[in-house]
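Engineer: Provided below are the primary sequence and the corresponding predicted coordinates.
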Amino acid sequence: MTVLIEAKGLQKTFRITKRRTGFLGGVRSIVDPEVRSVEAVRDLSLSIQQGEMVGLIGPNGAGKSTTIKMLTGILKPTAGHLQVAGLNPIQQRRSLAARIGVVFGQRTQLWWDLPLIDSLQLLRHLYRVPEIRHRENLAQLRKMLDLDEFIDTPVRQLSLGQRMRGDLAAALLHEPELLYLDEPTIGLDVIAKARIREALLALNTKRGTTLLLTTHDMDDIETLCPRMLIIDHGQKLYDGTVTAIRERFGGERTLIATLDSASQLPGNQQNVPILPDLPAGVQVLSSDGPTLVLSFGRETMPAHELVAWLGARYPLRDVTFQEPEVEDVIRRIYEEGLLLKEKAL
Ligand SMILES: Nc1ncnc2c1ncn2[C@@H]1O[C@H](COP(=O)(O)OP(=O)(O)OP(=O)(O)O)[C@@H](O)[C@H]1O
């Protein structure tokens, strides 16, 4: 396995000059500036192998964009060691540009007034791609991203989803081995999101392209990224799978049991059924006719034991389980600072 991104103790501190108010304040700000430091990225270490698909998530201001900008050579780290594709992003920025592609969901690298095809032709010269290679590549991308229906349309007239497919094509024309995507599905409808995700998966399987994406959409992570990095306050707080984080912080699971319709359960005043001798850690949340909704902790009781307990006492017709939504788990992690607390211990 080849390591494509290697960062050790990466640090980025911005120095911001605070402006004082009023005329005299303005003069004082020039003579005696008040400087404040923002530690956007702190002691970040990570290693990404060729062919991986990694999601970078974190709340607003966590340090995601700053990290990506350092990895692409746009920003110089304040401290730490960084190698991308065997290169130093700052000292070898031009060589690195030929090996990576970048897509920003909120910005475009296409020429607004030109038909998409013209932008895709122009980029050949910017990236200095030989003509034959460019032609073959463009043909492949037209097919993979379904560009033909709008390739002759000026970029300003494209829908957001079409423009995003155009931007992806633009970033892939020089066949980068590593693609950074910043919010690739932002603002897209469900169908357009699905198309982008399909294209990214195809890119990874067919070309073996390594993907590193930042997103606030947990569906992007669930469909695309076996590995997820969570950063907050500039620190890496988690590096692992979505499943594992759900197991650690997912809290209660839900069991929906449908009993034989004839069975009657005695209820309390709020009409929530009372199940005598309910095992510890299990709670009745609600009921609707023969359907019971129970919550139970994943540590306190294995799911099959709860089904066996119910089945021994009530005529069961059907059972289904619901895991907490990853979206909710991540929201709790941010709001309650769960990983930050762990790191501080
Ligand atoms: N050029 C800059 N000058 C000063 N401070 C900056 C600069 N760029 C980012 N910051 C600060 O660094 C911190 C991290 O910002 P960054 O843009 O990396 O966060 P992010 O995780 O990408 O956020 P979002 O999800 O909102 O895009 C923030 O406090 C931000 O205000």
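Structural biologist: Here it is on my side, so go on. Quick caveat, the model's predicted, so the values are computed rather than measured.

Engineer: What segments of the stretch 201-345 of the chain are strands?
Structural biologist: Taking DSSP state E, counting those that start in this stretch to define them, one finds strands in the stretch 201-345 of the chain at 210-214, 227-232, 235-240, 252-259, 282-288, 291-297, 316-322.

Engineer: which of these is buried the deepest?
Structural biologist: Sort these by mean neighbour count, taking mean count of other CB atoms under 10 Å, and strand 210-214 sits at the top with a mean of 24. (Glycine included, C-beta is placed from N, CA and C.)

Engineer: Give me the residues contacting that strand.
Structural biologist: Strand 210-214 is contacted from outside by 4-5, 48-57, 64-65, 68, 71, 177-184, 200, 203-204, 220, 224-225, using CB atoms under 8 Å, 6 or more residues apart in numbering.

Engineer: rerun at 6 Å
Structural biologist: By CB atoms under 6 Å, 6 or more residues apart in numbering, the residues outside strand 210-214 that reach it are 4, 50-56, 64, 178-182, 204.

Engineer: And the residue nearest the centre of the chain?
Structural biologist: The geometric centre of the chain, computed from its C-alpha atoms, lies nearest to T215 (CA atoms, centre = their mean), at 3.6 Å.

Engineer: hang on, the earlier thing: which of the contacts of strand 210-214 sits closest to L120?
Structural biologist: L179 (16.4 Å; CB to CB).

Engineer: Just give me the neighbour total for the spatially closest residue to the closest one that is not a sequence neighbour.
Structural biologist: Using CB to CB, 6 or more residues apart in numbering and skipping the chain neighbours, the partner closest in space to L179 is G101 (4.5 Å). Using other CB atoms under 10 Å, G101 is surrounded by 25 other residues.

Engineer: contacting residues for G101?
Structural biologist: Counted by CB under 6 Å, 6+ apart, G101 has contacts A171, L172, P176, L179.

Engineer: Look at it and give its secondary structure.
Structural biologist: strand (DSSP: H, G, I helix; E, B strand; the rest coil).

Engineer: Give me the pLDDT value at it.
Structural biologist: At G101, the model reports a pLDDT of 94.

Engineer: From the ligand, how far off is it?
Structural biologist: The gap separating G101 from the ligand is 19 Å, by CB to the nearest ligand atom, to the nearest Å.

Engineer: still on that earlier bit, pick out whichever of the contacts of strand 210-214 sits closest to the ligand.
Structural biologist: Distance to the ligand across the contacts of strand 210-214 (CB to the nearest ligand atom) is lowest for K64, with 3.5 Å.

Engineer: returning to what we had before: grab the nearest non-local neighbour of the residue nearest to the centre of the chain.
Structural biologist: Nearest residue to T215, sequence neighbours excluded (CB to CB, 6+ apart): E183, at 5.8 Å.

Engineer: thinking that neighbour is in contact with G105, fair?
Structural biologist: Yes. Assessed by CB atoms under 6 Å, E183 is found in contact with G105 at 3.7 Å.

Engineer: Flag every residue of the stretch 151-300 of the chain that's near the ligand.
Structural biologist: Within reach of the ligand by CB under 6 Å from any ligand atom, the stretch 151-300 of the chain has no residues at all.

Engineer: Which helix or which strand is home to M164?
Structural biologist: Counting by DSSP states H and E, the element that carries M164 is helix 160-172.

Engineer: Can you mark which positions in that helix are buried?
Structural biologist: Under the neighbour-count criterion of 16 or more other CB atoms under 10 Å, helix 160-172 has G161, Q162, R163, M164, R165, G166, D167, L168, A169, A170, A171, L172 buried.

Engineer: Now do the contacts for the first one.
Structural biologist: By that I understand G161. Taking CB under 6 Å, 6+ apart as the criterion, G161 is in contact with L188, A192.

Engineer: before we move on, the earlier item: filter the contacts of strand 210-214 down to the buried ones, PyMOL style.
Structural biologist: PyMOL command restricting the contacts of strand 210-214 to the buried ones, with burial defined by 16+ other CB under 10 Å:
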select buried, resi 4+51+52+53+54+55+56+64+178+179+180+181+182+204
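
Engineer: Among the contacts of strand 210-214, which are located in helices?
Structural biologist: Among the contacts of strand 210-214, DSSP state H puts K64 in helices.

Engineer: which one of the contacts of strand 210-214 sits closest to R124?
Structural biologist: Nearest to R124 among the contacts of strand 210-214: L179, at 18.1 Å, using CB to CB.

Engineer: so the closest one makes contact with T209?
Structural biologist: Yes. Counting by CB under 6 Å, T209 is a contact partner of L179 at 5.4 Å.

Engineer: Let me see the ranges of the helices in the stretch 101-250 of the chain.
Structural biologist: Applying DSSP state H, counting those that start in this stretch to the stretch 101-250 of the chain gives helices spanning 116-126, 131-144, 160-172, 190-202, 218-224, 242-249.

Engineer: tell me how far the longest one is from the chain's mean position?
Structural biologist: Right, the one you point to is helix 131-144. Relative to its chain's centre, helix 131-144 lies at 28 Å (CA atoms, centre = their mean, to the nearest Å).
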